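[1] Could you look at this predicted model? Sequence included:
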Amino acid sequence: MVLSLTLPEPGKEKRVKDMIIDILSFEWPLTLSQIYNRISKDYASSVSCQAVYKAINELVDEQVLVKKEKQYAINIKWVEKIKEFAVHVENNYKNNANMPLVDGLLKTKTENNVTVLTFDSTLDMDKAWMDIKKQYYKNLDKEHDITVWEGNHCWWLLTYPESEYTELEKIKEKK
C-alpha cells in the first residue's frame with residue numbers, strides 16, 4: 001500500500017508549503033491574505049501571493065489542508081495519518097519486522113508477481129479489502145468507468161454485509 005505524505009523538511013530552506021503548514025500549526029483558520037501576510041512578515045519571503053495561492057490549493061488537493069468558506073486549516077485526518085505512519089515505522093524497527101501499513105495484517109509473501117496477505121481474522125481482511133476499494137474508487141480518473149470483479153465465492157458475507165459496514169463507517173465518523 002502506497003502512502004503519500006506531504007511533510008515540512010527540517011534543516012532545508014523552507015518551501016512555500018512548509019511555511020504554510022508551519023503557520024497553520026500555531027494559528028487557524030486563516031484566509032489566503034492572512035497566510036500571505038504572515039509569510040511575508042515572519043519569513044521575510046518575497047514569494048508572490050499567486051505562489052501562496054497555488055501552494056494552498058495543492059495542499060487542499062493533497063488533503064493536508066481543509067477549506068471552510070474562505071479560511072484554511074490543517075486537516076486533522078492528515079495529522080492522524082502521519083501519526084499512524086510514524087507509530088507503524090517505530091513498531092517495525094522495534095520488532096525488527098517489515099510489515100506493511102494495514103490493520104490486522106500478520107505477514108506478507110510476494111512470489112512470481114503475486115502477493116499473499118495473511119490476516120489475523122476474516123474481519124480484518126474485510127476491512128483491508130474495503131479500504132483498498134475505497135482508495136481505488138477515489139482515485140479513478142474517468143467518470144462512469146466500469147469495474148468488474150470476479151470471484152469463486154462471496155467471503156465478505158461471512159463477516160457482515162457491505163451495507164452494514166458502510167453504516168458502521170458513518171457512525172464511526174460521527175464518533
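    Yes, it's here.
[2] looking only at pLDDT, what's the mean for the longest helix along the chain?
    What stands out as the longest helix in the chain, according to DSSP state H, is helix 76-94. For helix 76-94, the mean pLDDT works out to 82.
[3] Quick check: which helices or strands does the following helix or strand past that helix pack against?
    Per DSSP states H and E, the first helix or strand lying C-terminal to helix 76-94 is strand 105-111. Using 3 or more C-beta pairs under 8 Å, 6 or more residues apart in numbering; DSSP states H and E, the elements in contact with strand 105-111 are strand 114-119. In short, each C-beta sits where N, CA and C put it, glycine included.
[4] Tell me the helices and strands packed up against the strand it packs on.
    Where contact means 3+ C-beta pairs under 8 Å, 6+ apart, strand 114-119 is packed against strand 105-111, helix 122-138.
[5] As PDB, could you dump the C-alpha coordinates of the last one?
    Extracted in PDB, the C-alpha atoms of helix 122-138 (Å, rounded to 0.1, in the frame of the first residue of the first chain):
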ATOM      1  CA  THR A 122     -11.700 -12.600   8.300                       C
ATOM      2  CA  LEU A 123     -13.000  -9.300   9.700                       C
ATOM      3  CA  ASP A 124      -9.500  -7.700   9.400                       C
ATOM      4  CA  MET A 125      -9.300  -9.000   5.800                       C
ATOM      5  CA  ASP A 126     -12.700  -7.500   5.100                       C
ATOM      6  CA  LYS A 127     -11.700  -4.100   6.500                       C
ATOM      7  CA  ALA A 128      -8.500  -4.100   4.400                       C
ATOM      8  CA  TRP A 129     -10.400  -5.000   1.300                       C
ATOM      9  CA  MET A 130     -12.900  -2.200   1.900                       C
ATOM     10  CA  ASP A 131     -10.000   0.300   2.300                       C
ATOM     11  CA  ILE A 132      -8.500  -0.900  -0.900                       C
ATOM     12  CA  LYS A 133     -11.800  -0.500  -2.700                       C
ATOM     13  CA  LYS A 134     -12.300   3.000  -1.200                       C
ATOM     14  CA  GLN A 135      -8.900   4.100  -2.400                       C
ATOM     15  CA  TYR A 136      -9.400   2.500  -5.800                       C
ATOM     16  CA  TYR A 137     -12.700   4.300  -6.400                       C
ATOM     17  CA  LYS A 138     -11.500   7.600  -5.000                       C
END
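[6] tell me the mean pLDDT over that helix?
    Here helix 122-138 scores 73 as its mean pLDDT.
[7] elements contacting that helix?
    strand 114-119, helix 162-174.
[8] By mean pLDDT, show me the worst of the ones you listed.
    Mean pLDDT is lowest for helix 162-174 out of those, coming in at a mean of 67.
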